Every structure is written in structure tokens, then in C-alpha cells.
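Peer 1: missing the sequence, but the structure's below:
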Ligand SMILES: CC(C)(COP(=O)(O)OP(=O)(O)OC[C@H]1O[C@@H](n2cnc3c(N)ncnc32)[C@H](O)[C@@H]1OP(=O)(O)O)[C@@H](O)C(=O)NCCC(=O)NCCS
């Protein structure tokens, strides 16, 4: 897999190729309550668990995580997981640098570039907690289509919450 994908002035650098200082910054972003509160697991992640997770990615070709940068500015993180070569499908995920606003479009467009152009995937899917309106607006704005609802699928803040599925088919297929 390429170490860095570039499009316009944005770089997507694979977690497994990042220097330690970037890995620390990712952990800081991941543990920021403005970001973690929208994750299935909103617990604080320790440095050891974070580094082990990244080490394990080297032996998991179906899961890839990238740090997105515009020149030296960290925009956020994007991922393709459950990459399935037979079905040409994957699950998309992302979170932004909480100090920046309106960078979701750049990350999602970068992920689509990797998924559809570089990997030649046919379909992307994603899951989002139904109360996460900023994320849902981002997906709709980028032409992801509603694909269903998983009723009471996650237990967060002492209640079961619905999860909405969205999908996008490679526009050039
Ligand atoms: C989901 C996420 C990536 C969306 O990022 P974003 O689209 O760049 O938007 P922001 O979070 O910066 O939101 C800033 C505001 O600008 C709006 N906005 C952003 N881009 C916009 C655009 N191109 N046009 C119009 N409005 C826009 C947002 O809707 C939001 O409005 P609000 O404050 O009234 O709610 C980001 O909010 C995030 O990382 N959230 C935490 C993690 C997360 O939820 N990940 C997704 C899990 S499925």
C-alpha cells in the first residue's frame, strides 16, 4: 500500500508510517471529548493501547487509517476498515481536528479518492449515531445515501441509540 496519498495540497499518511510526534497528536485528538463523544467507545484511550493498535494495523491489511494534512496543518483522521477485495467494499470513518471547522469535506473527499480511484472499490458504507447531525449533514452533502437504521444498536450515555447506515457507490462505475 502507498505510504502517502496526495490530492491537491492534501496528504493522507498511513498511521503505520507516521513519526511518534504525529501519533501523540492523533491520540490527543481521539481523546478530546468533542470528538470521542461521537464514538462507539468514548473512553479515554491510553498511550499504550493507542501504540499497540497502530502496531497491529501492520498485520491487518483490511483496515487502514490515515492522518490528513494540508501542508503542515493536521485536518483530522480518516479510515477504511473491513476492506473486502472480493466485494470491493469498505466501511468509512473519520474525525476532524477539533480546533478546526469545516474540514470534514476535505477528509471525506480524500477518502473517496483513495477508496474509489486508488483502491478501485465499488461501495462505501458507514454507520453514524442518529443524533450526530454534523456528521449526517457531512455525509448528505457528499452524496451518501440513506441505507437503513439499526434500532437501539449502541448503548451510550445510559441509553440505547439508533445507528443510521449510509452508503455511496463509486460514481465512475
Ligand atoms: C463529523 C465531522 C467530521 C464533521 O466535520 P465538518 O463537516 O467539517 O463540520 P464541523 O464539525 O466543523 O461543523 C462546523 C459547522 O459548520 C457546518 N459546516 C461544515 N462544513 C460545511 C459546509 N461545507 N457547508 C455548510 N455548512 C458546513 C457544520 O454543519 C457545523 O454547523 P453547526 O455548528 O451549525 O452544527 C466533525 O464534526 C467531527 O469530527 N465530529 C466528531 C467525530 C465524528 O462525529 N465522526 C463521525 C462519526 S460517524
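Peer 2: Sure thing, it's come through. Please read these numbers as outputs of a predicted model, since none were measured by experiment. Numbering: from 1, shown residues only.

Peer 1: spatially nearest residue to the residue in the chain positioned nearest to the ligand (excluding sequence neighbours)?
Peer 2: Nearest to the ligand in the chain, going by C-beta to the nearest ligand atom, is residue 104, at a distance of 2.8 Å. Any C-beta I mention is one placed from the backbone N, CA and C, and that applies to glycine too. With C-beta to C-beta, 6 or more residues apart in numbering as the criterion, residue 104 has its nearest non-adjacent residue at 4.3 Å, and that residue is residue 138.

Peer 1: and that neighbour, that's in a strand?
Peer 2: No: read with DSSP: H, G, I helix; E, B strand; the rest coil, residue 138 is helix and lies in no strand.

Peer 1: pretty sure it contacts residue 105?
Peer 2: Yes: contact criterion C-beta atoms under 8 Å: residue 138 and residue 105 qualify, at 7.0 Å.

Peer 1: quick one: distance of stretch 47-63 to the chain centre.
Peer 2: Put simply, stretch 47-63 sits 15 Å off its chain's centre (C-alpha atoms, centre = their mean, to the nearest Å).

Peer 1: what comes up buried for that stretch?
Peer 2: Residues of stretch 47-63 classed as buried: 50, 53-54, 57, 63 (neighbour count, 16 or more other C-beta atoms under 10 Å).

Peer 1: which pair in those residues has the greatest spatial separation?
Peer 2: 50 and 63 (14.8 Å; C-beta to C-beta).

Peer 1: residue 138 and residue 105: who's more crowded?
Peer 2: residue 138 (19 against 11; other C-beta atoms under 10 Å).

Peer 1: for that one, give me its contacts.
Peer 2: 104-105, 108 (C-beta atoms under 8 Å, 6 or more residues apart in numbering).

Peer 1: mind checking which of these are in helices?
Peer 2: Taking DSSP state H as the definition of helices, the contacts of residue 138 contribute 104-105, 108.
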